[in-house]
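Trainee: One predicted model, sequence on top.
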Amino acid sequence: MKARIHIFYKDSVFDPQGNTVAASLQRLGFNTVKDVRIGKVIDVTLEAKRIEDARIEIGKMCEKLLVNPVIESYRLESIEA
């Protein structure tokens with residue numbers, strides 16, 4: 001199975017890279033840009049018999065290694081068999 005995980009800073013955490021990109025876009029004339037948040041995407045391929053088992057396993061991966069729960073949140077986009 002394949003899964004895609006989106007990880008972003010929590011809304012309460014300052015995103016310096018996103019802030020820099022937003023300012024650069026505004027300087028380039030994209031005046032409608034008000035905020036940019038930069039995140040990361042992780043694709044994981046794993047063996048699981050059921051999608052629910054894969055979701056549980058990925059949740060554990062995020063909690064133990066992939067996500068810093070103090071400053072980041074994550075969203076599981078999809079799981080494909």
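Mentor: Nice, I can see it. Residues are numbered from 1 along each chain as shown.
Trainee: so where do the helices sit in this structure?
Mentor: Per DSSP state H, the chain has helices spanning 16-27, 51-61. These are given in chain order.
Trainee: quick one: which of the ones you listed is nearest Lys2?
Mentor: When the helices of the chain are ranked by distance to Lys2, counting by Cβ to Cβ, first place goes to helix 51-61 at 9.2 Å. Heads up, the C-betas are built off the backbone N, CA and C, glycines and all.
Trainee: buried residues in that closest one?
Mentor: Neighbour counts using 16 or more other Cβ atoms under 10 Å place Ala54, Glu57, Ile58, Met61 of helix 51-61 among the buried residues.
Trainee: which of these lies closest to Pro16?
Mentor: Minimum distance to Pro16 across these is 26.2 Å, recorded for Met61 (Cβ to Cβ).
Trainee: where's Val13 relative to Leu25, distance?
Mentor: The span separating Val13 from Leu25 equals 21 Å under the rule Cβ to Cβ, to the nearest Å.
Trainee: Check Pro69 too.
Mentor: 30 Å.
Trainee: That concludes my questions; thank you for your assistance.
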